[in-house]
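A.B. asks: Quick check, what structure comes out for this input:
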Amino acid sequence: MGQPKHALICDEIRRAITSGRYQEGERLPTEAELVQQYDTSRPTVARALRDLQYEGLIARRAGSGTFVRKAGSEQGHVFGLVIPGLGETEIFEPICREMARSTQEAHHALLWASTNMSAYSDMAEQALQSAQQCIARKVAGVFFAPLEFTTNGESTNERVVQALDAARVPIVLLDRDLYRHPRRSRYDRVGIDNRMAGFILTDHLLKLGCRKIGFFNRPCSAETVFGRLTGYREALERYSITPQPAWAVEGDPSNAEVVRDYLEASGVEAIVCANDITAANLMRTLDLLGVKTPQGVRIVGVDDVKYASLLRVPLTTLHQPCEHIGAAAVRALTERIANPDLPARDILFQSRLVVRESCGVRLNGVKSSRPRP
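C.D. replies: Predicted structure coming up:
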């Protein structure tokens, strides 16, 4: 499904402004003119202009019209980033690049809160110190990626948002919520539809003829993983397959003993991995155990990181629209600042299935032989 009409109008006007077709201080066409130009409704045009205003690209003056904002004519916002271990999760790099671009276009600034890594080697301390740095710099809002893969992640996440709340700093969560479903925090979240992601991957394997399908994730994973697990189970149930307890496991994909025991106990012929790094490590361990991918076990992942297509057996995965997530996060935070009483929102994007050889489909689209049970 394509973008909503208001988003398409917003994108086109944004490009016209950033390319110089509309100059600083220039008056834009009226709402009525834009309605006619784009063959749409007035509420749709109004929403597009509102989004551009939230981004800081235009100024709307009662009785005068809508104008391209002059650089320096209004004070832009300074936003803070609290993303512990930024370099360890590849999807955050393109998300942050797009946030930096979007904030710059809107004459805002992005503060990359940094910590002394030698002094704060613990991820929890990095998160807390980054939040304090944002507070000290009096940022207008913060993008926060809650911790995962730590035993004290939930309590640390709560301490971070409590500190920001006490300083009255608005928060937009990136990728994940603070808590596991069905519990929900009161902050906006921007990311992908994880439940649908798990469903799409499992459904793809089912359509290839697989029936014993497993799910593998690392301990202390973010709540996003459990959304994917829910979608995995729903896909199996749609095919009248009851998920067996041994099929879904939480463990270290690099540990040969863990993987061997899992294969023997579950008898799975395909595995949905919580993300690409789990899939890559699992495929390497399977190689060491003499189990070929996809002939022995089919593997799929989530993220479509840079190396996914470069693995010995290229990985079937779901591509996260990181650029759209980054741009939407900036819009969400500017909207939150302008309208602090808005209900908490989940701004979720669909992921695109990228089919490669690890699922048992050759690049020419011909199915390979079904894995051995």
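A.B. asks: low-scoring stretches of the stretch 1-150 of the chain, by residue?
C.D. replies: Counting by pLDDT under 70, the stretch 1-150 of the chain shows low-confidence ranges at 1-2, 54-56, 60-63, 70-75, 85-89, 113-121, 149.
A.B. asks: where exactly do the strands run in it?
C.D. replies: When assigned using DSSP state E, counting those that start in this stretch, the strands of the stretch 1-150 of the chain occupy the ranges 58-61, 65-68, 78-82, 109-112, 141-144.
A.B. asks: and stretch 253-260, which residues are buried?
C.D. replies: With burial defined by 16 or more other Cβ atoms under 10 Å, the residues of stretch 253-260 counted as buried are Pro253, Val258, Val259. Where you see a C-beta, it was placed from the backbone N, CA and C, and this is true even at glycine.
A.B. asks: Could you do stretch 200-217 as well?
C.D. replies: Within stretch 200-217, the residues that count as buried by 16+ other Cβ under 10 Å are 200-206, 208, 210, 212-217.
A.B. asks: Keep only those of those residues that are in strands.
C.D. replies: Secondary-structure check on the buried residues of stretch 200-217 using DSSP state E: residues within strands are Ile213, Gly214, Phe215, Phe216, Asn217.
A.B. asks: of these, closest to Ala16?
C.D. replies: Minimum separation from Ala16 among those (Cβ to Cβ) is found for Asn217, which lies at 44.6 Å.
A.B. asks: where does the closest residue to His204 other than its chain neighbours fall, helix, sheet strand or coil?
C.D. replies: Beyond its immediate neighbours in the sequence, the residue positioned closest to His204 (Cβ to Cβ, 6 or more residues apart in numbering) is Leu353, lying 6.2 Å away. Counting by DSSP: H, G, I helix; E, B strand; the rest coil, the backbone at Leu353 sits in strand.
A.B. asks: Leu353 against Leu205, yeah?
C.D. replies: No - no contact is recorded between Leu353 and Leu205 when judged using Cβ atoms under 8 Å, the distance being 11.1 Å.
A.B. asks: that older thread, show me the two of the buried residues of stretch 200-217 that sit farthest apart.
C.D. replies: Comparing every pair within those by Cβ to Cβ identifies Leu208 and Asn217 as the most remote, at 21.7 Å.
A.B. asks: returning to what we had before: possible to save the buried residues of stretch 253-260 as a markdown table with pLDDT, distance to Val82 and secondary structure?
C.D. replies: Listed next are the buried residues of stretch 253-260 as a markdown table, based on pLDDT from 0 to 100; distance: Cβ to Cβ, whole Å; DSSP: H, G, I helix; E, B strand; the rest coil:
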| residue | pLDDT | distance to Val82 | secondary structure |
| --- | --- | --- | --- |
| Pro253 | 97 | 28 | coil |
| Val258 | 97 | 32 | helix |
| Val259 | 98 | 34 | helix |
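A.B. asks: how about TSV for the residues you listed, with distance to Lys292 added?
C.D. replies: Below are these laid out as TSV (distance: Cβ to Cβ, whole Å):
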residue	distance to Lys292
Pro253	16
Val258	19
Val259	14
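A.B. asks: Would you mind giving the domain segments of the chain?
C.D. replies: For the chain, the structural domains run 5-66, 78-192+321-349, 194-320+353-359, going by automatic domain parsing.
A.B. asks: about what we covered before: comparing the strands of the stretch 1-150 of the chain, which comes out most buried?
C.D. replies: Mean neighbour count, computed with mean count of other Cβ atoms under 10 Å, is highest for strand 141-144 among these, reaching a mean of 26.
A.B. asks: now for that strand, which elements pack on it?
C.D. replies: strand 78-82, helix 123-136, helix 153-166, strand 171-174, helix 322-338 (3 or more Cβ pairs under 8 Å, 6 or more residues apart in numbering; DSSP states H and E).
A.B. asks: okay, and for the stretch 251-373 of the chain, where does confidence drop off?
C.D. replies: Regions of the stretch 251-373 of the chain meeting the criterion pLDDT under 70 cover residues 363-373.
A.B. asks: Tell me where it has helices.
C.D. replies: Remark: helices of the stretch 251-373 of the chain, listed N- to C-terminal, are 256-266, 276-288, 322-338; assignment by DSSP state H, counting those that start in this stretch.
A.B. asks: can you tell which of those helices is closest to Pro146?
C.D. replies: Closest of the helices of the stretch 251-373 of the chain to Pro146 is helix 322-338, at 14.0 Å (criterion: Cβ to Cβ).
A.B. asks: Using CSV, write down the CA coordinates of the closest one.
C.D. replies: The C-alpha trace of helix 322-338 is given here as CSV (Å, rounded to 0.1, in the frame of the first residue of the first chain):
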residue,chain,number,x,y,z
CYS,A,322,14.6,3.0,8.5
GLU,A,323,14.5,6.3,6.6
HIS,A,324,10.7,6.5,7.0
ILE,A,325,11.0,5.6,10.7
GLY,A,326,13.6,8.3,11.3
ALA,A,327,11.5,11.0,9.5
ALA,A,328,8.3,9.9,11.3
ALA,A,329,10.1,10.0,14.6
VAL,A,330,11.0,13.7,14.1
ARG,A,331,7.5,14.5,13.1
ALA,A,332,6.1,12.7,16.1
LEU,A,333,8.4,14.6,18.5
THR,A,334,7.6,18.0,17.1
GLU,A,335,3.9,17.1,17.2
ARG,A,336,4.3,16.0,20.8
ILE,A,337,6.0,19.3,21.8
ALA,A,338,3.3,21.3,20.1
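A.B. asks: which of the residues in it are buried?
C.D. replies: Of all the residues in helix 322-338, those buried under the rule 16+ other Cβ under 10 Å are 322, 324-337.
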